[in-house]
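**Student:** Next come a sequence and a model predicted from it.
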Protein chains: 2
Amino acid sequence: VQRILAVDAGGTATRAAVLNASGRCLGYGVAGGGNPVSAGLDAALEALSSATEQAIGAAGPPAETASALIAAAGISDRTPLDLIRGRLAALGVQGAIEMEADLLAMFCSGTLEPNGYVLVAGTGSVAARVEDRRLAAVADGTGWLLGDDGSGYWIGHRVVRAVTAALDGRAPATELTDLVLSALQLQRHSDQVRGRPQALMDLMGAVYAKPPIELSRLAPLAFQAANDPVACSIVAAAASGLGNSLRTVWSIGVAGPVVVGGSVATRLIADPTGAAEALRAVVGDAPLTSVRDGLVGAAVLGLERAGARVDADIFALIERSLAALRTGWTPSNPMTSGQPSTAGRL
Amino acid sequence: VQRILAVDAGGTATRAAVLNASGRCLGYGVAGGGNPVSAGLDAALEALSSATEQAIGAAGPPAETASALIAAAGISDRTPLDLIRGRLAALGVQGAIEMEADLLAMFCSGTLEPNGYVLVAGTGSVAARVEDRRLAAVADGTGWLLGDDGSGYWIGHRVVRAVTAALDGRAPATELTDLVLSALQLQRHSDQVRGRPQALMDLMGAVYAKPPIELSRLAPLAFQAANDPVACSIVAAAASGLGNSLRTVWSIGVAGPVVVGGSVATRLIADPTGAAEALRAVVGDAPLTSVRDGLVGAAVLGLERAGARVDADIFALIERSLAALRTGWTPSNPMTSGQPSTAGRL
């Protein structure tokens, strides 16, 4: 095995690493969202190229890598492998290019076990059961309009609906109102215009001017208003939704760790207030691991596909050497996993 | 008073009528959605012109009308009155042009009483208290993303989320699944692809390819599956949401009729199964009237503004003569009020 390339192409950021055969990360790069569905194919390919070029450049000569593993959401028979191959070949990536589900890479970022569970909730949400390092069952991950129960979008949407109803007199007052108005840089007027509060009209104007998915930026406010009953019930319902997705893929016959990724799931699972009880009840006493993204797992899978055997020592080296390279990269938005893309601002 | 023009510019259709001073409708016209927010300003102005031109043409000479009353949603200081004036002047409309809230016109379509309540739920939903023929309080009407509890969109959204979760194994099976797949012209595969049912992937593809608001086209399926517990609970929750909006504007001191408009509210209020109990409990024993749209009310308000006194006889003549002219116009979609626009297809 020579050098390999590992890529985790997520909705918010695309991350790439170049590793040698012993699992040492030599170079790291990051670019914008790499999900062709949400970012568009051109932008996704551009992000893939950019992150890869940075990683290869940082690794230093020789530029050639022998194979690549790309973890991405929504892989199907229609994934344009030839376009991806062309982009990577131009950067010096030769040999086999394999694609894997980002969800599997996320799982493999947390454990070397062949079986277990993975739960991811950032902007979106999804749960899966892994058997023999394959996705055996997937629940949710159906997007902001159809599902993604308990996700950052789901929470943000409920937050802004609760504030709308409170301003409107249809629901109890909540601390979320001031937090949301201030997050959207709106003033709290007390004026009434044609039977409605001016603040409500302003809120409608601000929200409908943006793509709906940006409501996920309001999710942190639900955690911030920890003493507000409305906020608490939203957080508890999110935990319940994520617990339901995890329960759906749970199988008595499959033991193994639960790997947790994404800012919302990570935060809920660590919540000391009991708000996430419904989720923790599903996890039970299974071992829990939180991961930052799927890049370590993509590296593990890439090395294995290239013929290496990844043991606990190599796994630890991948984690350690990657973490060292990533020290300059700090996510600025606590509710999105990884680097914020410019598209993710509300 | 000479001839006047009355227009009801709704989200789904724009309707216009030319009336003489005694309240007889001489001409009627209908065009696409006339809400500048949802349809765009150009399309709204075009619909206004088209419906008006038809009504004036059908009324026959003389083409001149002395004044106009236009009922529309979302009237504000930014409503481009000069553009509206220009369009109407070109068609022969002289004199004062007044704008009124479509919600008030809806109320005045159902009663000559000065006080009462109006509840509208078609694609969207809103409730208001009317005092002295003015909107004294409004609840909801905040749109598909922020509110519109119990509306056609709200029901359709819950229907498709329930089907998504059922296909995904996250929620109980429901009769809605076959109804939704068939409405979207999708097949019910039993194949699994990467841990997920093919039918779920197809559903996601079909829904995300359309504007979210078109989910309102699925609302009739919730009523159709009257024996399905999932569908029933969606319908009951819609009634509860509408009941909450109506309760929010209800005032002990203000008696008067409840005017109900829009296909969803009309259907719920007439539901014999008890599914709409939460809504009927709010209405109590107040008199109920269902109206088709706000055109009769726009005519009443237009005549009054032009100096006429509208009594029960004139009101009855407006209703009767308008209904006679509308006889070739039958709505083809039972869940939208008035004529379907071409934009309203899923």
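**Tutor:** Done, it's in. Residues are numbered from 1 along each chain as shown, chains lettered A, B, ... in the order given.

**Student:** For the helix or strand bottoming out on mean pLDDT in chain A, C-alpha coordinates in CSV please.
**Tutor:** Every helix and strand of chain A was ranked by mean pLDDT, DSSP states H and E. The lowest is helix A:36-39, at a mean of 72. Provided in CSV are the C-alpha atoms of helix A:36-39 (Å, rounded to 0.1, in the frame of the first residue of the first chain):
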residue,chain,number,x,y,z
PRO,A,36,-24.5,16.8,-4.9
VAL,A,37,-28.2,16.8,-3.9
SER,A,38,-28.1,19.8,-1.6
ALA,A,39,-25.0,21.7,-3.0
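
**Student:** Can you list the neighbours in contact with whatever helix or strand comes next after that helix?
**Tutor:** Downstream of helix A:36-39, the next assigned helix or strand under DSSP states H and E is helix A:41-59. With C-beta atoms under 8 Å, 6 or more residues apart in numbering or on different chains as the test, helix A:41-59 has contacts from A:3, A:5, A:7, A:9, A:13-18, A:26-36, A:39, A:63, A:65, A:70, A:80, A:83-84, A:87-88, A:90-93, A:325. Every residue, glycine included, has its C-beta placed from N, CA and C.

**Student:** could you point out which element follows helix A:41-59?
**Tutor:** The element immediately downstream of helix A:41-59 (helix or strand, assigned by DSSP H and E) is strand A:67-72.

**Student:** got the angle between that following strand and helix A:41-59?
**Tutor:** Interaxial angle, strand A:67-72 versus helix A:41-59 (axes from the mean of the first three to the mean of the last three C-alpha atoms, to 10 degrees): 130 degrees.

**Student:** For chain A, just list every one of the strands.
**Tutor:** Along chain A, the stretches classed as strands by DSSP state E are A:4-9, A:14-19, A:25-31, A:67-72, A:97-101, A:116-121, A:125-131, A:134-140, A:192-193, A:196-197, A:258-261, A:288-291.

**Student:** In terms of secondary structure, what does the fifth one contact?
**Tutor:** Read it as strand A:97-101. With contacts taken as 3 or more C-beta pairs under 8 Å, 6 or more residues apart in numbering or on different chains; DSSP states H and E, strand A:97-101 sits against strand A:67-72, helix A:81-89, helix A:295-305.

**Student:** Output those in a markdown table; the columns should cover distance to chain B.
**Tutor:** Shown next, in a markdown table, are those (distance: least, C-beta to the nearest C-beta, whole Å):
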| stretch | distance to chain B |
| --- | --- |
| strand A:67-72 | 12 |
| helix A:81-89 | 16 |
| helix A:295-305 | 15 |
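
**Student:** how about the ones you listed in CSV, adding mean neighbour count and distance to B:V310?
**Tutor:** Compiled in CSV, those are given as follows (neighbours: other C-beta atoms under 10 Å in any protein chain shown; distance: least, C-beta to C-beta, whole Å):
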stretch, mean neighbour count, distance to B:V310
strand A:67-72, 26, 65
helix A:81-89, 15, 68
helix A:295-305, 26, 72
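
**Student:** Near chain B, which residues of chain A are found?
**Tutor:** A:75-76, A:101, A:128-129, A:135-140, A:142-143, A:145-147, A:149, A:157, A:160-161, A:164-165, A:168-170, A:193-196, A:200, A:203-204, A:207-208, A:212, A:215, A:244-245, A:248 (C-beta under 8 Å from any C-beta of the partner chain).

**Student:** out of those, which are buried?
**Tutor:** Among the residues of chain A next to chain B, those scoring as buried are A:75, A:101, A:128-129, A:135, A:137-140, A:142-143, A:145-147, A:149, A:157, A:160-161, A:164-165, A:168-170, A:195-196, A:200, A:203-204, A:207, A:212, A:215, A:244-245, A:248 (criterion: 16 or more other C-beta atoms under 10 Å in any protein chain shown).

**Student:** Tell me where the model's unsure across chain A.
**Tutor:** Within chain A, the ranges that satisfy pLDDT under 70 run A:1, A:37, A:77, A:328-346.

**Student:** Against the centre of it, work out the most remote residue.
**Tutor:** A:R194 (42.8 Å; C-alpha atoms, centre = their mean).

**Student:** Wait, that residue touches B:A137, no?
**Tutor:** No: in this structure, A:R194 is not within contact of B:A137 by C-beta atoms under 8 Å, at 10.1 Å.

**Student:** circling back to that earlier point, now distance to B:L295 too, for the helices and strands packed on strand A:97-101, in JSON lines please.
**Tutor:** JSON lines is the format used below for the helices and strands packed on strand A:97-101 (distance: least, C-beta to C-beta, whole Å):
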{"stretch": "strand A:67-72", "distance to B:L295": "53"}
{"stretch": "helix A:81-89", "distance to B:L295": "55"}
{"stretch": "helix A:295-305", "distance to B:L295": "61"}
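
**Student:** Can you list the buried residues in the longest helix anywhere in chain A?
**Tutor:** In chain A, taking DSSP state H as the definition, the longest helix is helix A:229-249. Neighbour-count burial for helix A:229-249, counted by 16+ other C-beta under 10 Å, picks out A:230-232, A:234-249.

**Student:** so what's A:L301 up against?
**Tutor:** A:L301 neighbours (C-beta under 8 Å, 6+ apart): A:6, A:69, A:71, A:98, A:100, A:104-105, A:108, A:133.
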